[in-house]
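Asker: no FASTA, just this:
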Ligand SMILES: Nc1ncnc2c1ncn2[C@@H]1O[C@H](COP(=O)(O)OP(=O)(O)O)[C@@H](O)[C@H]1O
Ligand SMILES: [Mg+2]
(Lines give C-alpha, C1' and ligand atoms only; values in the text may rest on other atoms or scores of the structure.)
(Ligands and ions follow the chains in the order given, each with its own letter.)
Protein backbone atom coordinates (compact mmCIF):
# COMPACT_ATOMS: atom_id res chain seq x y z
CA UNK A 1 0.00 0.00 0.00
CA UNK A 2 1.47 3.32 -1.00
CA UNK A 3 1.42 5.92 1.69
CA UNK A 4 1.78 9.67 1.45
CA UNK A 5 -0.08 12.79 2.40
CA UNK A 6 -3.37 10.95 3.03
CA UNK A 7 -4.46 10.31 6.59
CA UNK A 8 -1.94 8.14 8.31
CA UNK A 9 -3.65 5.03 9.57
CA UNK A 10 -2.96 1.39 9.54
CA UNK A 11 -5.32 -0.28 7.14
CA UNK A 12 -7.07 -3.47 8.14
CA UNK A 13 -7.93 -6.57 6.19
CA UNK A 14 -9.67 -6.49 2.81
CA UNK A 15 -13.35 -5.70 3.37
CA UNK A 16 -14.89 -5.06 -0.04
CA UNK A 17 -13.35 -7.02 -2.87
CA UNK A 18 -14.45 -6.74 -6.49
CA UNK A 19 -12.92 -9.33 -8.76
CA UNK A 20 -13.26 -8.95 -12.54
CA UNK A 21 -16.76 -7.54 -12.31
CA UNK A 22 -18.55 -7.00 -15.62
CA UNK A 23 -21.91 -5.47 -16.24
CA UNK A 24 -23.90 -4.41 -19.30
CA UNK A 25 -26.94 -2.24 -19.80
CA UNK A 26 -28.10 -3.79 -23.05
CA UNK A 27 -25.26 -3.14 -25.48
CA UNK A 28 -23.51 -0.73 -23.16
CA UNK A 29 -20.57 -2.32 -21.33
CA UNK A 30 -20.92 -0.21 -18.22
CA UNK A 31 -18.46 -1.98 -15.90
CA UNK A 32 -15.39 -3.50 -17.52
CA UNK A 33 -13.31 -6.01 -15.56
CA UNK A 34 -13.46 -4.02 -12.37
CA UNK A 35 -10.92 -5.09 -9.76
CA UNK A 36 -11.00 -3.14 -6.56
CA UNK A 37 -10.09 -3.98 -2.98
CA UNK A 38 -11.10 -1.68 -0.17
CA UNK A 39 -9.58 -2.39 3.22
CA UNK A 40 -11.14 -1.98 6.60
CA UNK A 41 -10.86 1.67 7.62
CA UNK A 42 -9.87 2.81 4.16
CA UNK A 43 -11.44 5.77 2.37
CA UNK A 44 -11.52 5.49 -1.41
CA UNK A 45 -12.65 8.35 -3.60
CA UNK A 46 -14.00 7.42 -7.03
CA UNK A 47 -13.73 10.13 -9.62
CA UNK A 48 -14.37 10.29 -13.34
CA UNK A 49 -16.43 11.86 -16.10
CA UNK A 50 -20.20 11.72 -16.09
CA UNK A 51 -21.43 8.44 -17.51
CA UNK A 52 -18.23 6.57 -16.70
CA UNK A 53 -20.08 4.10 -14.44
CA UNK A 54 -19.38 5.45 -10.95
CA UNK A 55 -22.98 5.27 -9.76
CA UNK A 56 -23.37 1.85 -11.30
CA UNK A 57 -20.28 0.71 -9.42
CA UNK A 58 -21.76 1.85 -6.10
CA UNK A 59 -25.14 0.37 -6.86
CA UNK A 60 -23.58 -2.93 -7.89
CA UNK A 61 -21.66 -3.20 -4.62
CA UNK A 62 -24.99 -2.80 -2.84
CA UNK A 63 -26.67 -5.06 -5.38
CA UNK A 64 -29.23 -2.46 -6.32
CA UNK A 65 -27.96 -3.58 -9.73
CA UNK A 66 -27.09 -7.09 -10.86
CA UNK A 67 -23.87 -7.90 -12.64
CA UNK A 68 -23.05 -10.66 -15.09
CA UNK A 69 -19.60 -11.97 -14.26
CA UNK A 70 -16.93 -11.69 -11.64
CA UNK A 71 -17.54 -11.60 -7.92
CA UNK A 72 -18.09 -9.12 -5.14
CA UNK A 73 -17.42 -10.10 -1.54
CA UNK A 74 -18.03 -8.16 1.65
CA UNK A 75 -15.73 -9.35 4.41
CA UNK A 76 -15.24 -12.62 2.53
CA UNK A 77 -18.96 -13.26 1.99
CA UNK A 78 -20.26 -13.32 -1.56
CA UNK A 79 -23.25 -11.11 -2.27
CA UNK A 80 -26.35 -13.28 -1.93
CA UNK A 81 -28.74 -13.44 -4.89
CA UNK A 82 -31.95 -12.12 -3.38
CA UNK A 83 -34.25 -12.34 -0.42
CA UNK A 84 -33.56 -12.12 3.25
CA UNK A 85 -29.83 -12.85 3.11
CA UNK A 86 -29.33 -10.02 0.66
CA UNK A 87 -31.39 -7.68 2.82
CA UNK A 88 -29.18 -8.54 5.79
CA UNK A 89 -26.06 -7.88 3.78
CA UNK A 90 -27.42 -4.56 2.56
CA UNK A 91 -27.97 -3.59 6.17
CA UNK A 92 -24.18 -3.87 6.59
CA UNK A 93 -23.49 -1.64 3.60
CA UNK A 94 -24.67 1.93 4.07
CA UNK A 95 -25.60 4.00 1.06
CA UNK A 96 -25.96 7.75 0.74
CA UNK A 97 -27.59 8.96 -2.46
CA UNK A 98 -27.15 12.11 -4.47
CA UNK A 99 -30.84 12.92 -4.01
CA UNK A 100 -30.94 12.05 -0.26
CA UNK A 101 -33.99 9.79 -0.66
CA UNK A 102 -35.25 10.33 2.85
CA UNK A 103 -38.63 8.67 3.43
CA UNK A 104 -40.94 11.57 2.66
CA UNK A 105 -43.87 10.39 4.80
CA UNK A 106 -41.82 9.80 7.93
CA UNK A 107 -40.31 12.25 10.38
CA UNK A 108 -36.56 12.73 10.60
CA UNK A 109 -36.46 10.58 13.71
CA UNK A 110 -38.57 7.82 12.11
CA UNK A 111 -36.28 7.88 9.08
CA UNK A 112 -33.36 7.04 11.32
CA UNK A 113 -35.11 4.42 13.49
CA UNK A 114 -36.90 2.49 10.72
CA UNK A 115 -33.94 0.35 9.67
CA UNK A 116 -32.67 -0.52 13.14
CA UNK A 117 -36.18 -1.52 14.30
CA UNK A 118 -37.32 -3.41 11.18
CA UNK A 119 -34.11 -4.84 9.78
CA UNK A 120 -32.07 -5.23 12.96
CA UNK A 121 -34.90 -5.96 15.38
CA UNK A 122 -33.80 -3.29 17.84
CA UNK A 123 -36.23 -2.16 20.53
CA UNK A 124 -37.92 1.12 19.49
CA UNK A 125 -36.81 2.95 22.64
CA UNK A 126 -33.23 1.88 22.16
CA UNK A 127 -33.30 2.75 18.46
CA UNK A 128 -34.72 6.17 19.28
CA UNK A 129 -32.01 6.91 21.81
CA UNK A 130 -29.29 5.93 19.35
CA UNK A 131 -31.00 7.91 16.57
CA UNK A 132 -31.01 11.05 18.70
CA UNK A 133 -27.29 10.62 19.41
CA UNK A 134 -26.60 10.31 15.69
CA UNK A 135 -28.80 13.27 14.79
CA UNK A 136 -26.90 15.22 17.43
CA UNK A 137 -23.65 14.15 15.85
CA UNK A 138 -24.68 15.39 12.38
CA UNK A 139 -26.22 18.54 13.88
CA UNK A 140 -29.92 18.11 13.14
CA UNK A 141 -31.23 16.77 16.46
CA UNK A 142 -33.45 19.84 16.91
CA UNK A 143 -35.30 18.93 13.69
CA UNK A 144 -36.12 15.37 14.77
CA UNK A 145 -39.89 15.80 14.66
CA UNK A 146 -40.00 17.53 11.28
CA UNK A 147 -40.57 15.97 7.87
CA UNK A 148 -37.81 15.81 5.24
CA UNK A 149 -39.42 18.43 2.99
CA UNK A 150 -39.16 20.96 5.84
CA UNK A 151 -35.35 20.68 5.92
CA UNK A 152 -32.70 22.20 3.68
CA UNK A 153 -30.82 19.94 1.29
CA UNK A 154 -27.73 19.98 3.46
CA UNK A 155 -29.73 19.01 6.51
CA UNK A 156 -31.51 16.25 4.62
CA UNK A 157 -28.23 14.80 3.45
CA UNK A 158 -26.86 14.83 6.99
CA UNK A 159 -29.98 12.99 8.13
CA UNK A 160 -29.41 10.47 5.33
CA UNK A 161 -25.91 9.90 6.70
CA UNK A 162 -27.32 9.42 10.20
CA UNK A 163 -29.89 6.98 8.80
CA UNK A 164 -27.07 4.90 7.31
CA UNK A 165 -24.96 5.12 10.44
CA UNK A 166 -27.84 3.89 12.56
CA UNK A 167 -27.45 0.50 10.88
CA UNK A 168 -23.85 0.35 12.15
CA UNK A 169 -22.63 -0.50 8.65
CA UNK A 170 -19.27 -2.14 7.91
CA UNK A 171 -18.79 0.13 4.93
CA UNK A 172 -20.52 3.19 3.54
CA UNK A 173 -21.05 4.12 -0.08
CA UNK A 174 -21.59 7.74 -1.06
CA UNK A 175 -22.78 8.53 -4.58
CA UNK A 176 -22.07 12.19 -5.28
CA UNK A 177 -23.54 13.21 -1.90
CA UNK A 178 -23.02 16.93 -2.47
CA UNK A 179 -23.86 17.27 -6.16
CA UNK A 180 -27.50 18.17 -5.57
CA UNK A 181 -26.70 20.76 -2.91
CA UNK A 182 -26.55 24.53 -3.07
CA UNK A 183 -22.90 25.60 -2.77
CA UNK A 184 -23.30 27.02 0.73
CA UNK A 185 -24.46 23.64 2.04
CA UNK A 186 -21.72 21.48 0.58
CA UNK A 187 -19.28 22.01 3.40
CA UNK A 188 -21.65 21.06 6.21
CA UNK A 189 -22.03 17.66 4.55
CA UNK A 190 -18.35 17.26 3.71
CA UNK A 191 -17.45 18.10 7.30
CA UNK A 192 -19.62 15.26 8.56
CA UNK A 193 -18.06 12.92 6.03
CA UNK A 194 -14.55 13.99 6.92
CA UNK A 195 -15.08 13.38 10.61
CA UNK A 196 -16.61 10.02 9.75
CA UNK A 197 -13.52 9.16 7.71
CA UNK A 198 -11.27 10.16 10.59
CA UNK A 199 -13.29 8.01 12.97
CA UNK A 200 -12.21 4.97 10.99
CA UNK A 201 -15.29 4.24 8.86
CA UNK A 202 -14.60 2.35 5.66
CA UNK A 203 -15.90 4.54 2.84
CA UNK A 204 -16.26 4.49 -0.92
CA UNK A 205 -17.08 7.99 -2.05
CA UNK A 206 -17.98 9.13 -5.54
CA UNK A 207 -17.23 12.84 -5.55
CA UNK A 208 -15.48 15.58 -7.44
CA UNK A 209 -14.70 17.48 -4.26
CA UNK A 210 -10.92 17.53 -4.34
CA UNK A 211 -10.68 19.20 -0.97
CA UNK A 212 -12.44 16.26 0.60
CA UNK A 213 -10.31 13.77 -1.33
CA UNK A 214 -7.12 15.46 -0.17
CA UNK A 215 -8.25 15.72 3.45
CA UNK A 216 -9.91 12.37 3.92
CA UNK A 217 -9.08 9.86 1.20
CA UNK A 218 -6.38 7.22 1.27
CA UNK A 219 -6.73 6.55 -2.40
CA UNK A 220 -8.31 7.99 -5.52
CA UNK A 221 -9.69 5.68 -8.19
CA UNK A 222 -10.19 7.23 -11.59
CA UNK A 223 -12.86 5.68 -13.82
CA UNK A 224 -13.50 6.31 -17.45
CA UNK A 225 -15.83 4.48 -19.84
CA UNK A 226 -16.62 1.76 -17.32
CA UNK A 227 -13.03 0.88 -16.47
CA UNK A 228 -10.66 1.79 -13.67
CA UNK A 229 -7.95 3.68 -15.52
CA UNK A 230 -5.75 4.85 -12.70
CA UNK A 231 -5.39 4.63 -8.91
CA UNK A 232 -3.15 6.66 -6.67
CA UNK A 233 -2.92 8.66 -3.48
CA UNK A 234 -4.91 11.90 -3.72
CA UNK A 235 -1.82 14.09 -3.80
CA UNK A 236 -0.14 12.07 -6.54
CA UNK A 237 -3.31 11.75 -8.56
CA UNK A 238 -4.19 15.44 -8.53
CA UNK A 239 -0.68 16.76 -9.07
CA UNK A 240 0.71 14.09 -11.31
CA UNK A 241 -1.95 12.12 -13.21
CA UNK A 242 -0.52 9.40 -15.41
CA UNK A 243 -3.11 8.64 -18.08
CA UNK A 244 -4.14 11.00 -20.82
CA UNK A 245 -7.77 10.61 -19.87
CA UNK A 246 -7.14 11.57 -16.25
CA UNK A 247 -5.10 14.59 -17.35
CA UNK A 248 -7.84 15.65 -19.69
CA UNK A 249 -10.52 15.19 -17.02
CA UNK A 250 -8.58 17.06 -14.32
CA UNK A 251 -7.88 19.84 -16.79
CA UNK A 252 -11.61 20.23 -17.24
CA UNK A 253 -12.67 20.20 -13.61
CA UNK A 254 -9.79 22.40 -12.47
CA UNK A 255 -10.63 25.20 -14.88
CA UNK A 256 -14.17 25.42 -13.45
CA UNK B 1 -92.61 13.62 -3.39
CA UNK B 2 -92.68 12.92 0.34
CA UNK B 3 -95.58 10.64 -0.25
CA UNK B 4 -93.64 8.73 -2.90
CA UNK B 5 -90.69 8.41 -0.55
CA UNK B 6 -92.86 6.94 2.15
CA UNK B 7 -95.00 4.72 -0.01
CA UNK B 8 -92.07 3.00 -1.71
CA UNK B 9 -89.65 3.04 1.18
CA UNK B 10 -87.15 5.06 -0.84
CA UNK B 11 -84.97 5.76 2.19
CA UNK B 12 -84.82 2.09 3.11
CA UNK B 13 -83.89 1.26 -0.46
CA UNK B 14 -81.11 3.84 -0.52
CA UNK B 15 -79.93 2.54 2.84
CA UNK B 16 -79.42 -0.85 1.20
CA UNK B 17 -77.32 0.79 -1.54
CA UNK B 18 -75.26 2.48 1.13
CA UNK B 19 -74.70 -0.78 2.99
CA UNK B 20 -73.80 -2.61 -0.21
CA UNK B 21 -71.36 0.15 -1.14
CA UNK B 22 -69.78 0.44 2.31
CA UNK B 23 -69.17 -3.26 2.85
CA UNK B 24 -68.01 -3.87 -0.72
CA UNK B 25 -65.71 -0.87 -0.64
CA UNK B 26 -63.89 -2.00 2.48
CA UNK B 27 -63.51 -5.53 1.14
CA UNK B 28 -62.47 -4.27 -2.31
CA UNK B 29 -59.79 -2.09 -0.70
CA UNK B 30 -58.34 -5.13 1.03
CA UNK B 31 -58.57 -7.42 -1.98
CA UNK B 32 -57.40 -4.69 -4.36
CA UNK B 33 -54.33 -4.09 -2.19
CA UNK B 34 -53.54 -7.81 -2.20
CA UNK B 35 -53.82 -7.94 -5.99
CA UNK B 36 -51.67 -4.82 -6.30
CA UNK B 37 -49.00 -6.46 -4.13
CA UNK B 38 -49.12 -9.52 -6.41
CA UNK B 39 -48.57 -7.26 -9.40
CA UNK B 40 -45.66 -5.47 -7.73
CA UNK B 41 -43.90 -8.51 -6.29
CA UNK B 42 -40.58 -9.48 -7.88
CA UNK B 43 -41.97 -12.94 -8.63
CA UNK B 44 -43.17 -13.80 -12.14
CA UNK B 45 -45.97 -16.19 -11.18
CA UNK B 46 -47.48 -13.72 -8.72
CA UNK B 47 -47.38 -10.95 -11.34
CA UNK B 48 -49.17 -13.28 -13.71
CA UNK B 49 -51.91 -14.03 -11.20
CA UNK B 50 -52.30 -10.35 -10.43
CA UNK B 51 -52.52 -9.16 -14.00
CA UNK B 52 -54.76 -12.04 -15.06
CA UNK B 53 -57.13 -11.19 -12.23
CA UNK B 54 -57.32 -7.56 -13.28
CA UNK B 55 -57.76 -8.29 -16.98
CA UNK B 56 -60.45 -10.86 -16.33
CA UNK B 57 -62.51 -8.96 -13.77
CA UNK B 58 -62.16 -5.51 -15.25
CA UNK B 59 -63.37 -6.62 -18.65
CA UNK B 60 -66.37 -8.64 -17.51
CA UNK B 61 -69.69 -6.78 -17.19
CA UNK B 62 -70.65 -6.34 -13.55
CA UNK B 63 -74.17 -7.68 -14.17
CA UNK B 64 -72.64 -10.90 -15.44
CA UNK B 65 -70.47 -11.24 -12.35
CA UNK B 66 -73.35 -10.62 -9.97
CA UNK B 67 -75.74 -12.93 -11.80
CA UNK B 68 -72.99 -15.55 -11.83
CA UNK B 69 -72.58 -15.16 -8.08
CA UNK B 70 -76.27 -15.93 -7.73
CA UNK B 71 -76.87 -18.59 -10.36
CA UNK B 72 -73.40 -20.12 -10.40
CA UNK B 73 -72.02 -19.85 -6.90
CA UNK B 74 -75.25 -20.13 -4.98
CA UNK B 75 -77.77 -22.04 -7.08
CA UNK B 76 -75.22 -24.43 -8.60
CA UNK B 77 -72.45 -24.66 -6.05
CA UNK B 78 -74.48 -23.90 -2.94
CA UNK B 79 -72.45 -20.95 -1.62
CA UNK B 80 -74.37 -19.64 1.39
CA UNK B 81 -73.33 -16.78 3.62
CA UNK B 82 -76.10 -17.06 6.23
CA UNK B 83 -77.86 -20.05 7.83
CA UNK B 84 -80.70 -21.35 5.69
CA UNK B 85 -83.25 -21.22 8.52
CA UNK B 86 -83.09 -17.45 8.81
CA UNK B 87 -86.50 -15.91 8.03
CA UNK B 88 -84.97 -13.59 5.41
CA UNK B 89 -82.50 -16.16 4.13
CA UNK B 90 -82.90 -15.32 0.44
CA UNK B 91 -82.68 -11.56 0.95
CA UNK B 92 -79.68 -11.80 3.25
CA UNK B 93 -77.86 -14.31 1.10
CA UNK B 94 -78.52 -12.17 -1.98
CA UNK B 95 -77.06 -9.20 -0.15
CA UNK B 96 -73.81 -11.05 0.44
CA UNK B 97 -73.71 -12.50 -3.06
CA UNK B 98 -74.05 -8.95 -4.40
CA UNK B 99 -71.30 -7.82 -2.03
CA UNK B 100 -69.12 -10.63 -3.35
CA UNK B 101 -69.69 -9.59 -6.96
CA UNK B 102 -69.20 -5.88 -6.25
CA UNK B 103 -66.04 -6.62 -4.27
CA UNK B 104 -64.23 -8.80 -6.78
CA UNK B 105 -65.16 -6.47 -9.62
CA UNK B 106 -64.09 -3.22 -7.98
CA UNK B 107 -60.97 -4.77 -6.45
CA UNK B 108 -59.56 -4.84 -9.97
CA UNK B 109 -60.06 -1.08 -10.24
CA UNK B 110 -58.71 -0.47 -6.73
CA UNK B 111 -55.62 -2.46 -7.70
CA UNK B 112 -55.04 -0.21 -10.69
CA UNK B 113 -55.66 2.92 -8.61
CA UNK B 114 -53.04 1.77 -6.10
CA UNK B 115 -50.62 1.02 -8.91
CA UNK B 116 -51.08 4.55 -10.20
CA UNK B 117 -50.33 5.66 -6.63
CA UNK B 118 -47.17 3.56 -6.62
CA UNK B 119 -46.08 5.41 -9.76
CA UNK B 120 -46.15 8.66 -7.79
CA UNK B 121 -43.48 7.26 -5.43
CA UNK B 122 -39.97 8.04 -6.70
CA UNK B 123 -37.79 4.93 -7.22
CA UNK B 124 -35.26 6.42 -4.81
CA UNK B 125 -37.67 5.68 -1.95
CA UNK B 126 -37.62 1.96 -2.72
CA UNK B 127 -33.86 1.98 -3.23
CA UNK B 128 -33.27 3.73 0.06
CA UNK B 129 -35.45 1.24 1.88
CA UNK B 130 -33.64 -1.68 0.29
CA UNK B 131 -30.30 -0.11 1.11
CA UNK B 132 -31.09 -0.01 4.82
CA UNK B 133 -31.79 -3.72 4.71
CA UNK B 134 -35.57 -3.86 4.51
CA UNK B 135 -36.91 -6.93 2.75
CA UNK B 136 -39.33 -6.48 -0.13
CA UNK B 137 -42.47 -6.95 2.00
CA UNK B 138 -41.11 -4.58 4.64
CA UNK B 139 -40.27 -1.97 2.08
CA UNK B 140 -43.77 -2.25 0.60
CA UNK B 141 -45.45 -1.99 3.98
CA UNK B 142 -43.30 0.72 5.51
CA UNK B 143 -42.37 2.92 2.60
CA UNK B 144 -44.05 2.26 -0.75
CA UNK B 145 -47.69 1.54 0.10
CA UNK B 146 -48.17 4.31 2.69
CA UNK B 147 -47.00 6.82 0.10
CA UNK B 148 -48.85 5.08 -2.74
CA UNK B 149 -52.19 5.23 -0.88
CA UNK B 150 -51.80 8.94 -0.37
CA UNK B 151 -51.05 9.36 -4.07
CA UNK B 152 -54.03 7.16 -4.95
CA UNK B 153 -56.71 8.89 -2.88
CA UNK B 154 -58.32 10.61 -5.87
CA UNK B 155 -58.45 7.51 -8.13
CA UNK B 156 -59.65 5.40 -5.19
CA UNK B 157 -62.37 8.00 -4.62
CA UNK B 158 -63.37 7.65 -8.26
CA UNK B 159 -63.69 3.90 -7.80
CA UNK B 160 -65.88 4.48 -4.75
CA UNK B 161 -68.16 6.82 -6.71
CA UNK B 162 -68.49 4.23 -9.48
CA UNK B 163 -69.09 1.54 -6.86
CA UNK B 164 -71.91 3.51 -5.22
CA UNK B 165 -73.68 3.87 -8.54
CA UNK B 166 -72.98 0.28 -9.50
CA UNK B 167 -74.78 -1.02 -6.42
CA UNK B 168 -77.98 -0.63 -8.50
CA UNK B 169 -76.89 -3.72 -10.40
CA UNK B 170 -77.68 -5.73 -7.26
CA UNK B 171 -81.34 -5.54 -8.25
CA UNK B 172 -80.54 -8.18 -10.85
CA UNK B 173 -80.42 -10.79 -8.09
CA UNK B 174 -83.35 -9.54 -6.07
CA UNK B 175 -81.86 -6.96 -3.76
CA UNK B 176 -84.54 -4.44 -2.89
CA UNK B 177 -82.39 -1.40 -3.37
CA UNK B 178 -83.18 1.84 -5.14
CA UNK B 179 -83.33 0.48 -8.68
CA UNK B 180 -85.93 -1.98 -7.40
CA UNK B 181 -87.88 0.81 -5.71
CA UNK B 182 -87.66 2.85 -8.88
CA UNK B 183 -89.08 0.05 -10.96
CA UNK B 184 -92.00 -0.23 -8.56
CA UNK B 185 -92.61 3.50 -8.58
CA UNK B 186 -92.65 3.60 -12.36
CA UNK B 187 -95.01 0.69 -12.49
CA UNK B 188 -97.49 1.87 -9.87
CA UNK B 189 -97.17 5.63 -10.19
CA UNK B 190 -96.70 6.32 -13.90
CA UNK B 191 -98.20 9.75 -13.22
CA UNK B 192 -95.12 10.70 -11.16
CA UNK B 193 -92.82 10.19 -14.18
CA UNK B 194 -90.03 12.72 -14.11
CA UNK B 195 -90.28 13.16 -10.37
CA UNK B 196 -89.19 9.56 -9.84
CA UNK B 197 -86.07 10.01 -11.92
CA UNK B 198 -85.32 13.29 -10.24
CA UNK B 199 -85.68 11.71 -6.82
CA UNK B 200 -83.27 8.87 -7.57
CA UNK B 201 -80.78 11.15 -9.29
CA UNK B 202 -80.77 13.58 -6.37
CA UNK B 203 -80.26 10.67 -4.01
CA UNK B 204 -77.16 9.53 -5.86
CA UNK B 205 -75.74 13.00 -6.15
CA UNK B 206 -76.23 13.38 -2.41
CA UNK B 207 -74.25 10.19 -1.89
CA UNK B 208 -71.45 10.71 -4.38
CA UNK B 209 -70.86 14.44 -4.15
CA UNK B 210 -69.49 14.30 -0.59
CA UNK B 211 -67.18 11.46 -1.63
CA UNK B 212 -65.65 13.64 -4.31
CA UNK B 213 -65.31 16.58 -1.96
CA UNK B 214 -63.88 14.44 0.81
CA UNK B 215 -61.29 12.76 -1.40
CA UNK B 216 -60.04 15.99 -2.92
CA UNK B 217 -59.76 17.48 0.57
CA UNK B 218 -57.98 14.36 1.85
CA UNK B 219 -55.62 14.14 -1.07
CA UNK B 220 -54.39 17.69 -0.48
CA UNK B 221 -54.24 17.24 3.26
CA UNK B 222 -52.40 13.92 3.17
CA UNK B 223 -50.26 14.69 0.12
CA UNK B 224 -46.67 13.55 0.63
CA UNK B 225 -44.50 16.67 0.58
CA UNK B 226 -41.33 16.06 -1.36
N1 LIG C 1 -30.72 1.74 -15.54
C2 LIG C 1 -29.96 2.02 -16.62
N3 LIG C 1 -30.31 1.51 -17.83
C4 LIG C 1 -29.55 1.77 -18.91
N5 LIG C 1 -28.43 2.49 -18.91
C6 LIG C 1 -28.03 3.02 -17.75
C7 LIG C 1 -28.77 2.82 -16.54
N8 LIG C 1 -28.14 3.45 -15.53
C9 LIG C 1 -27.06 4.02 -16.09
N10 LIG C 1 -26.98 3.77 -17.41
C11 LIG C 1 -25.91 4.20 -18.31
O12 LIG C 1 -24.71 3.65 -17.82
C13 LIG C 1 -23.64 4.58 -17.95
C14 LIG C 1 -23.01 4.80 -16.60
O15 LIG C 1 -23.92 5.47 -15.78
P16 LIG C 1 -23.57 5.91 -14.30
O17 LIG C 1 -23.08 4.72 -13.57
O18 LIG C 1 -24.76 6.61 -13.77
O19 LIG C 1 -22.38 6.92 -14.53
P20 LIG C 1 -21.81 8.04 -13.57
O21 LIG C 1 -22.37 7.84 -12.22
O22 LIG C 1 -20.33 7.84 -13.64
O23 LIG C 1 -22.20 9.34 -14.17
C24 LIG C 1 -24.24 5.83 -18.56
O25 LIG C 1 -23.98 5.80 -19.96
C26 LIG C 1 -25.72 5.70 -18.30
O27 LIG C 1 -26.46 6.33 -19.30
MG1 LIG D 1 -23.56 9.13 -11.06
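Answerer: All right, it came through fine. Everything numeric here is computed off the predicted structure, so don't read it as measured data. Ligands and ions are numbered 1, 2, ... in the order given.
Asker: just checking, residue B:32 touches residue B:114?
Answerer: Yes: between residue B:32 and residue B:114 a contact is recorded at 6.3 Å, counting by CB atoms under 8 Å. Bear in mind the C-beta positions are built from the backbone N, C-alpha and C, glycine included.
Asker: the more surrounded of those two?
Answerer: residue B:32 (28 against 25; other CB atoms under 10 Å in any protein chain shown).
Asker: Now the helix or strand in which the more buried one is found: buried residues?
Answerer: Counting by DSSP states H and E, the secondary-structure element that holds residue B:32 is helix B:10-40. Of the residues in helix B:10-40, those buried by neighbour count under the rule 16 or more other CB atoms under 10 Å in any protein chain shown are B:10, B:13-14, B:16-17, B:20-21, B:23-25, B:27-29, B:31-33, B:35-40.
Asker: what's the answer for stretch A:31-47, then?
Answerer: In terms of neighbour count (16+ other CB under 10 Å), stretch A:31-47 has its buried residues at A:31-32, A:34, A:36, A:38-47.
Asker: Setting aside sequence neighbours, what's the nearest residue to the closest residue to chain A within chain B?
Answerer: Across chain B, no residue is closer to chain A than residue B:133, which sits at 2.7 Å (CB to the nearest CB). Counting by CB to CB, 6 or more residues apart in numbering or on different chains, residue A:91 is the residue found nearest to residue B:133 once chain neighbours are left out, at 2.7 Å.
Asker: ok, now residue B:174?
Answerer: Nearest residue to residue B:174 in three dimensions, chain neighbours excluded: residue B:94, at 5.0 Å (CB to CB, 6+ apart).
Asker: how much space between that neighbour and residue A:181?
Answerer: Using CB to CB, to the nearest Å, one gets 63 Å for the distance from residue B:94 to residue A:181.
Asker: still on that earlier bit, quick one: the buried residues of stretch A:31-47 as CSV, columns for secondary structure and distance to ligand 1 too.
Answerer: Conversion of the buried residues of stretch A:31-47 to CSV gives the following (DSSP: H, G, I helix; E, B strand; the rest coil; distance: CB to the nearest ligand atom, whole Å):
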residue, secondary structure, distance to ligand 1
A:31, strand, 8
A:32, strand, 11
A:34, strand, 12
A:36, strand, 15
A:38, strand, 18
A:39, strand, 23
A:40, coil, 25
A:41, coil, 25
A:42, coil, 21
A:43, strand, 19
A:44, strand, 15
A:45, strand, 13
A:46, strand, 8
A:47, strand, 9
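Asker: Select, from those residues, the two members most distant in space.
Answerer: Taking every pair in the buried residues of stretch A:31-47 and measuring CB to CB, the maximum separation is 28.1 Å, between A:32 and A:41.
Asker: anything in the following helix or strand past the helix holding residue B:32 near chain A?
Answerer: Later in the chain than helix B:10-40, the nearest helix or strand by DSSP H and E is helix B:44-58. No: with CB under 8 Å from any CB of the partner chain as the threshold, helix B:44-58 lies outside contact range of chain A, at a closest distance of 12.9 Å.
Asker: Tell me the buried residues in whatever helix or strand comes next after helix B:44-58?
Answerer: Helices and strands here follow DSSP H and E; after helix B:44-58, the next one along the chain is helix B:62-68. Judged by neighbour count (16+ other CB under 10 Å), helix B:62-68 contains these buried residues: B:62, B:65, B:66, B:67, B:68.
Asker: For helix B:62-68, name the packing helices and strands.
Answerer: Where contact means 3 or more CB pairs under 8 Å, 6 or more residues apart in numbering or on different chains; DSSP states H and E, helix B:62-68 is packed against helix B:89-118.
Asker: and the helix it packs on, average pLDDT?
Answerer: Computed over helix B:89-118, the mean pLDDT rounds to 96.
Asker: List the buried residues of that helix.
Answerer: Taking 16+ other CB under 10 Å as the basis for neighbour counts, the residues of helix B:89-118 that come out buried are B:93-115, B:117-118.
Asker: Which elements pack onto it?
Answerer: When contacts are defined as 3+ CB pairs under 8 Å, 6+ apart, helix B:89-118 sits against helix B:10-40, helix B:44-58, helix B:62-68, helix B:145-151, helix B:153-166.
Asker: tilt between the helix or strand just after that helix and helix B:10-40?
Answerer: For helix B:89-118, the following helix or strand on the C-terminal side (DSSP H and E) is helix B:123-131. Computed with axes from the mean of the first three to the mean of the last three CA atoms, to 10 degrees, the direction of helix B:123-131 lies at 60 degrees from that of helix B:10-40.
Asker: Pick out the residue nearest the middle of chain B.
Answerer: residue B:25 (4.0 Å; CA atoms, centre = their mean).
Asker: Contacts only, for it.
Answerer: Each residue near residue B:25 by CB atoms under 8 Å, 6 or more residues apart in numbering or on different chains is listed here: B:106, B:160, B:163.
Asker: Lowest-scoring secondary structure element of chain B by mean pLDDT?
Answerer: Confidence across the helices and strands of chain B bottoms out at helix B:2-7, with a mean of 86, counting by mean pLDDT, DSSP states H and E.
Asker: coming back round to it: check the spacing between the residue of chain B closest to chain A and residue A:108 real quick.
Answerer: 19 Å.
Asker: try residue A:157
Answerer: Using CB to CB, one gets 12 Å for the distance from residue A:157 to residue A:108.
Asker: Which one of the two is surrounded by more residues?
Answerer: For the pair residue A:157 and residue A:108, the greater number of neighbours falls to residue A:157 (31 against 28), based on other CB under 10 Å.
Asker: Is the host helix or strand of that one positioned near chain B?
Answerer: Using DSSP H and E, residue A:157 maps to helix A:153-165. Yes: when contact is scored as CB under 8 Å from any CB, part of helix A:153-165 falls within range of chain B: A:160, A:163, A:164.
Asker: I'd like the residues you listed laid out as JSON lines, including distance to residue A:64 and pLDDT.
Answerer: Written out in JSON lines, the entries for the residues of helix A:153-165 next to chain B read as follows (distance: CB to CB, whole Å; pLDDT from 0 to 100):
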{"residue": "A:160", "distance to residue A:64": "15", "pLDDT": "98"}
{"residue": "A:163", "distance to residue A:64": "16", "pLDDT": "97"}
{"residue": "A:164", "distance to residue A:64": "14", "pLDDT": "97"}
